[in-house]
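Visitor: Sequence plus the predicted model coming up.
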Amino acid sequence: ILNVEQSPQSLHVQEGDSTNFTCSFPSSNFYALHWYRWETAKSPEALFVMTLNGDEKKKGRISATLNTKEGYSYLYIKGSQPEDSATYLCAVNFNKFYFGSGTKLNVKP
Amino acid sequence: DTAVSQTPKYLVTQMGNDKSIKCEQNLGHDTMYWYKQDSKKFLKIMFSYNNKELIINETVPNRFSPKSPDKAHLNLHINSLELGDSAVYFCASSQDHPGVSYNEQFFGPGTRLTVL
């Protein structure tokens, strides 16, 4: 069993704050890392797919980086808005998908 | 149009019953998956089919049996339901099998199963 760990488990920030969270994984046999945004009562929606060491992806105020040698990825949200409140899920593809337990973000107006 | 759909959304049943959950995707994908969200909120892979062939079969009780009549459908049948089967089950699909690195998964809305 391969462990994908996310931290923190939950995060409360004020509107306008910038924030980041981490996904850690074993670096061997790595295929790709996926970030998902998961709102309550909905299904996970893909944010980014990253494969190469040093990859950086950006979508609006959200960006992510990948370090496959040391086995971690960061997700950044700049100027958080209440609509960013969701669980952010990391999944690593080792020829099979392993999910972290997510970071639950709550952005207060 | 819903890309990955599951039915039913909620399922409440008695212990010992047999039930099925259906999943359909209209994305033209070759691979479909069943995940169970456990009590700690982790999504754990149960099964995966690629072009109607079983490619991932995790250690789940053999009371769980997937069936893929065609590559757009992957159903999950559960025999002799137990209390511990209560969970949310998610279906997903992707264009290729997991060994393709850029493979992106699309998830269904989940089925909340409650066994009484």
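Guide: Arrived safely, thanks for sending.
Visitor: what pairs with residue 90 across the strands?
Guide: Just so you know, I chose chain A. Counting by DSSP bridges, A:C90 forms beta bridges with A:W35.
Visitor: Please refer instead to chain B.
Guide: Under the criterion used (DSSP bridges), B:F90 bridges to B:Y35.
Visitor: residues in contact with it?
Guide: Listed by C-beta atoms under 8 Å, 6 or more residues apart in numbering or on different chains, the contact set of B:F90 reads A:43-44, B:6, B:34-37, B:43, B:107-108, B:110-111. To be clear about C-beta, it is placed using only N, CA and C from the backbone, and glycine gets the same treatment.
Visitor: next one: B:I45
Guide: By C-beta under 8 Å, 6+ apart, the contact list for B:I45 reads A:96-98, B:33-35, B:56, B:58.
Visitor: Need the per-residue pLDDT for it.
Guide: With respect to pLDDT, B:I45 scores 89.
Visitor: Ramachandran angles for it?
Guide: Here is the backbone geometry of B:I45 (degrees, to the nearest 10): phi -70, psi 140.
Visitor: Tell me the strands beside the helix or strand of chain A with the lowest mean pLDDT, with direction?
Guide: Using mean pLDDT, DSSP states H and E, strand A:97-99 stands out as the lowest-scoring helix or strand of chain A, at a mean of 89. As defined by DSSP bridges, the strand partners of strand A:97-99 come to strand A:86-93 (antiparallel).
Visitor: Looking at the strand it pairs with now, give me its mean pLDDT.
Guide: Strand A:86-93 carries an average pLDDT of 94.
Visitor: Give me the contact list for it.
Guide: A:2, A:4, A:6, A:21, A:23, A:25, A:30-40, A:44, A:47, A:73, A:75, A:97-100, A:102-105, B:41, B:43, B:98, B:101, B:103, B:105.
Visitor: Quick one: residues contacting B:F106.
Guide: A:46, B:3-4, B:25, B:27, B:29, B:92-94.
Visitor: Please type out the ChimeraX selection for whichever of the residues you listed turn out to be buried.
Guide: Buried residues among the contacts of B:F106 (16 or more other C-beta atoms under 10 Å in any protein chain shown), as a ChimeraX selection:
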select /B:4,25,29,92,93,94
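Visitor: Filter the contacts of B:F106 down to the ones in strands?
Guide: Among those, DSSP state E puts A:46, B:4, B:25, B:92-94 in strands.
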